[in-house]
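> Just a sequence and a predicted model for now, questions to come.
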Amino acid sequence: MKIYVGNLSFKIEEAGLKDLFTPYGDVEEAVIIKDKFSGRSKGFGFVTLTSDDAAKKAIAELHEKEVDGRKLTVNEAKPIDPNNRPPRRDSGRSFGGGSGRSSGGRSFGNRDSGRGSSGGRSSGGRGRY
């Protein structure tokens, strides 16, 4: 069973995380999630124990246990449903430049528009902008 471990000290390393769960059973994997640019811990990780019973015992005993001055959050890791993911922070942005606003079909000061002396502005307009 895969276990989520949150609120980890930023100093803890994967060996320390593994050592924390070893008393409960065989640790198949212990991973700390790190920032891809700085390499610094993000404060959470995942531990996989070979036995579901051992994992449930570890969850029960380690959830809200204080380690390095921080109360851990320990629970069963849930797989991400790709159909129910929250939107990414950059969704909806236009990467083509500009402000994303449309001119609304109006012409702003294009003298070649064939509108005579109005300078391309609509006759009932409020000025250039």
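Sure thing, it's come through.
> drop to CA atoms for contacts and neighbour counts, all remaining ones
Noted.
> Tell me the bridge partners for Ile3.
Val47, Glu76 (DSSP bridges).
> For it, give its distance to Ala30.
Distance from Ile3 to Ala30, counting by Cα to Cα, to the nearest Å: 9 Å.
> Which residues are in contact with each of those two?
Common contacts of Ile3 and Ala30 (Cα atoms under 8 Å, 6 or more residues apart in numbering): 46-48.
> Out of these, which end up buried?
By neighbour count, with 16 or more other Cα atoms under 10 Å, the shared contacts of Ile3 and Ala30 hold 46-48 as buried.
> quick one, helices of this protein?
Using DSSP state H, the helices of the chain run over 14-21, 52-62.
> Now that we have those helices, can you turn them into TSV and tack on mean neighbour count and mean pLDDT?
Compiled in TSV, the helices of the chain are given as follows (neighbours: other Cα atoms under 10 Å; pLDDT from 0 to 100):
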stretch	mean neighbour count	mean pLDDT
helix 14-21	16	97
helix 52-62	17	97
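> Could you save those helices as JSON lines and add columns showing distance to Gly39?
Shown next, in JSON lines, are those (distance: least, Cα to Cα, whole Å):
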{"stretch": "helix 14-21", "distance to Gly39": "13"}
{"stretch": "helix 52-62", "distance to Gly39": "26"}
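> Tell me which of those approaches Glu76 most closely.
Taking Cα to Cα as the criterion, helix 52-62 is the member of those that comes nearest to Glu76, at 7.5 Å.
> So which other helices or strands are in contact with that closest one?
Packed against helix 52-62 by the contact rule (3 or more Cα pairs under 8 Å, 6 or more residues apart in numbering; DSSP states H and E) you find strand 2-6, strand 73-76.
> hey, which of these is tucked in deepest?
Stretch with highest mean neighbour count among the helices and strands packed on helix 52-62: strand 2-6 (a mean of 20; mean count of other Cα atoms under 10 Å).
> quick one, that one and helix 14-21 angle?
Strand 2-6 runs at 110 degrees relative to helix 14-21, counting by axes from the mean of the first three to the mean of the last three Cα atoms, to 10 degrees.
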